[in-house]
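Engineer: Any chance you could fold what I've pasted below:
(2 chains)
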Amino acid sequence: MAVVADHTRRRTRRGPQARREARIGLLFVLPCFLLFLAFRFGPGVAGVLMSFTDYTLTGGGKFIGVDNFTRLWADPLFWQALKVTVLYTVLAVPGTLIASVALALLTRRAFRGSKVFRSVFFLPVVTSLVLAATVFVWIFSTGGPWATFVSWFGMSDESWLSSDTLVVPALAVVGVWSRFGYGMLILLARMQDIPRELEEAALTDGAGPWQRFRHIVLPQLRPALFFLAVIETTASFQVFDAVYTMTGGGPANASYTLVFQLYDAGFKYFDLGYASAIGVALFVLTLVVAVMQRLVIGKDQ
Amino acid sequence: MTAPTVEKAPTPAPDRPVRTARQLRREAERDVVPHAMRGTRGGRVVRGVLLTLAALATIFPFYAMVVLSLKPSAAVDFPGSLLPWPLTGEAYDTVMGAQDVPRWLLNTLVYSIVSVVGVLLLASLAGYAFAKKRFPGREAMFWSFLSMVMVPYHVTMIPTFAMIAKLGGVDTYWGLIVPTLANAQAVFLMRQFIQGLPDELFEAARLDGCSEWQVFRRIVLPLLKPILATLGVFVFLWHWNDFLWPLVIGQSTDMRTLTVGIASLQQQNVPLNVVLSGSVIAFVPIFAAYLVGQRYFTEGVTASGIKG
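Structural biologist: Presented below is the predicted three-dimensional model:
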């Protein structure tokens, strides 16, 4: 019986059966694929092509070679935006990683309340940065909580948001606050996989907590840290929501980021070709940094 | 026969102390860390202090947001206005009445809910096809999904906007929603999950005479419940918190979502308590959902790796 059934199935599977399966497969995949083609893949390619045109919303679309890029190269605003974006990334990414590691270590062992702490630390991750920004504006105001806090360490109680040197660090503080819980959870999951025997062996050899962290835990976390560094750097390059809400790029463009410039070019001046060129620059920057991080952090793998 | 020598002692009611002791033992068993690795008593105190400080710093913005939203508009001084009294709901009256918050809430709900349903349906269909069906172009299609992972969203956003504008979709729900429905990450997660399901199940249903749609509807979808929940929470959160796309596509006041609307209040010199009451209104649904289904939030956000 079974043999017969098996036999018939195998025979019918080739001809009409396979064609039927192909038809069903296409039918199931096409709604999603066509939308993807129309609104992600197509625009992705078009975005690169558009950066070589003078496309605006009202007209244009003529091929102008690399004019947009030479214009970008000569645009002081672009260099300012690049500087701000890189500075933000240099502050926010290490800050986030250090806070993630520290809090993962602190909440690693189960103790009464450890779950509550983890949920508290994850809460900012699910919170919109726009909403958070509305209260952070007050936190960073003159004489506000943050200014009072830093004045304990001898700094003036001016508002960081109106200082052109401190506005980016202030945004980085918000960035770290909103992101460290995510890194903490990723690292906690990795820490569960560290073989307990390793640490126990180190313990019997007399290694202290710092040595156990430095020589056992940290090497095991390397791949996770690499992953986080890439994710956080990519996200930092695209920082926009908090900047738009908290500073509007000010004071005097001191917190003007790349995505802000892209937004202004595209949706304030409708200079879509130029905005696309900024997008391409962002893309290239992301790729370069991903490769660099691969070389530096991931060199052992 | 004589009566049993020992009268069976009445079993102690499983009251609280007994259970707690057992629970404690279980907990200890689960966390079999050598005593020395748990750190000294002093170390544990330091850890407790550090964690408490970090937790207070993390919570503080939420506390300030809620308390200041319940203050009169003049109360912005620090630390005086952080005291939880006197409280007034006047900012909420203003924000729900004079501002367009109810409309923005509706827009956000439409954007989030329609997108969740659409993304989950499309991604489960596509994920099922990628995982279990052979069809021409399967590899090419899958690679095209994969190829866009590294491309920043902002590169695709500009041509998408130009296209939607040409089609007259600016300031419409469809213009807002349709471009976000094909979610590559959702497709990857679905495909990965469905690959782990045994073929025999589908095969058996097919032999029983189920059509392909029935197999999907009655066999595949129920099995996808855990991943649908995880992914659903992530997609919902992503749309609820999304900012840049609603900002460019919703140009009239009526078509703003909550994030866009609140950012606009922030920029119009609206009093702080009114802006913050808007923020609280936008945050409360997420917070309530987080309290109830926290597991799905952590799984959803970590599995997909990205925050919107």
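Engineer: only C-alpha atoms for contact and neighbour calcs from this point on.
Structural biologist: OK.
Engineer: Tell me, how many residues neighbour residue 136?
Structural biologist: No chain specified, so I'll use chain A. Using other Cα atoms under 10 Å in any protein chain shown, A:F136 is surrounded by 27 other residues.
Engineer: meant chain B actually
Structural biologist: B:P136: 13 neighbours (other Cα under 10 Å).
Engineer: Wasn't it part of a strand?
Structural biologist: No - B:P136: not assigned to a strand; according to DSSP: H, G, I helix; E, B strand; the rest coil it is coil.
Engineer: residues contacting the residue nearest to A:M50 when sequence neighbours are not counted?
Structural biologist: Residue nearest to A:M50 in three dimensions, not counting chain neighbours: A:G273, with 5.3 Å by Cα to Cα, 6 or more residues apart in numbering or on different chains. Residues counted as contacts of A:G273 (Cα atoms under 8 Å, 6 or more residues apart in numbering or on different chains) are A:M50, A:S51, A:F52, A:T53, A:D54, A:Y55, A:T56, A:G61, A:N68.
Engineer: Hmm, which of those is lowest in pLDDT?
Structural biologist: The pLDDT minimum for those sits at A:G61, where the score is 75.
Engineer: Please list all residues in contact with it.
Structural biologist: Contact analysis of A:G61 by Cα under 8 Å, 6+ apart lists A:M50, A:T53, A:D54, A:Y55, A:G273.
Engineer: Pull the most distant pair out of those.
Structural biologist: Largest separation among the contacts of A:G61 by Cα to Cα: A:M50 and A:D54, giving 7.7 Å.
Engineer: buried sites along the biggest helix by length in chain B?
Structural biologist: Longest helix in chain B by number of residues, with DSSP state H as the criterion: helix B:101-132. Neighbour counts over helix B:101-132 (16 or more other Cα atoms under 10 Å in any protein chain shown) mark B:101, B:103-105, B:107-132 as buried.
Engineer: Would you mind giving the contacts of A:G273 as TSV with distance to B:A74 and secondary structure added?
Structural biologist: Shown next, in TSV, are the contacts of A:G273 (distance: Cα to Cα, whole Å; DSSP: H, G, I helix; E, B strand; the rest coil):
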residue	distance to B:A74	secondary structure
A:M50	49	helix
A:S51	49	coil
A:F52	52	coil
A:T53	51	strand
A:D54	49	coil
A:Y55	48	coil
A:T56	45	coil
A:G61	52	coil
A:N68	48	helix
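Engineer: And those residues, which is closest to A:D193?
Structural biologist: Taking Cα to Cα as the measure, A:D193 lies nearest A:S51 of these, at 46.0 Å.
Engineer: Find the closest residue to chain B in the stretch 151-300 of chain A.
Structural biologist: Closest residue of the stretch 151-300 of chain A to chain B, Cα to the nearest Cα: A:G279 (4.8 Å).
Engineer: if you skip the residues just before and after it, what's nearest to that residue?
Structural biologist: Counting by Cα to Cα, 6+ apart, A:G279 lies nearest to B:V155, which is 4.8 Å off, once chain neighbours are set aside.
Engineer: Return the residues in contact with the one you found.
Structural biologist: A:P43, A:G44, A:G47, A:V48, A:S276, A:G279, A:V280, A:F283.
Engineer: so A:A277 sits right up against A:D67, yeah?
Structural biologist: No - counting by Cα atoms under 8 Å, A:A277 stays clear of A:D67, with 9.7 Å between them.
Engineer: Give the residues shared as contacts by these two.
Structural biologist: Taking Cα under 8 Å, 6+ apart as the contact rule, A:A277 and A:D67 both touch A:F52.
Engineer: so the most centrally placed residue in chain A is in which element?
Structural biologist: With distances taken as Cα atoms, centre = their mean, A:A235 lies nearest the centre of chain A, 2.0 Å away. Taking DSSP states H and E as the criterion, the element that holds A:A235 is helix A:218-237.
Engineer: on contacts alone, who are the packing partners of that helix?
Structural biologist: Judged by 3 or more Cα pairs under 8 Å, 6 or more residues apart in numbering or on different chains; DSSP states H and E, the packing partners of helix A:218-237 are helix A:76-106, helix A:167-192, helix A:272-296.
Engineer: any idea which helix or strand comes after that helix?
Structural biologist: Next helix or strand after helix A:218-237 toward the C-terminus (DSSP H and E): helix A:241-246.
Engineer: That following helix near chain B anywhere?
Structural biologist: Yes - contact of helix A:241-246 with chain B (Cα under 8 Å from any Cα of the partner chain) involves A:D241, A:Y244, A:T245.
Engineer: contacting residues around the following helix or strand past the longest helix of chain B?
Structural biologist: Downstream of helix B:101-132, the next assigned helix or strand under DSSP H and E is helix B:138-147. The contact list for helix B:138-147 (Cα under 8 Å, 6+ apart) reads A:F33, A:F36, A:F41, B:F130, B:A184.
Engineer: hmm, 7 Å instead?
Structural biologist: Residues outside helix B:138-147 that contact it (Cα atoms under 7 Å, 6 or more residues apart in numbering or on different chains) are B:F130, B:A184.
Engineer: in it, what counts as buried?
Structural biologist: Of the residues in helix B:138-147, B:R138, B:M141, B:F142, B:S144, B:F145 count as buried by neighbour count, 16+ other Cα under 10 Å.
Engineer: Output these in JSON lines; the columns should cover distance to B:T52 and pLDDT.
Structural biologist: Below are the buried residues of helix B:138-147 laid out as JSON lines (distance: Cα to Cα, whole Å; pLDDT from 0 to 100):
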{"residue": "B:R138", "distance to B:T52": "52", "pLDDT": "91"}
{"residue": "B:M141", "distance to B:T52": "50", "pLDDT": "93"}
{"residue": "B:F142", "distance to B:T52": "47", "pLDDT": "91"}
{"residue": "B:S144", "distance to B:T52": "47", "pLDDT": "91"}
{"residue": "B:F145", "distance to B:T52": "44", "pLDDT": "89"}
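Engineer: mind putting those residues in a markdown table, distance to B:P79 included?
Structural biologist: A markdown table is the format used below for those (distance: Cα to Cα, whole Å):
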| residue | distance to B:P79 |
| --- | --- |
| B:R138 | 61 |
| B:M141 | 58 |
| B:F142 | 56 |
| B:S144 | 54 |
| B:F145 | 51 |
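Engineer: Out of those residues, which comes closest to A:L221?
Structural biologist: For the buried residues of helix B:138-147, the closest approach to A:L221 (Cα to Cα) belongs to B:F145, at 29.2 Å.
Engineer: What distance do you get for that closest one to B:G232?
Structural biologist: B:F145 sits 20 Å away from B:G232, going by Cα to Cα, to the nearest Å.
Engineer: That's all I had, so thanks and see you.
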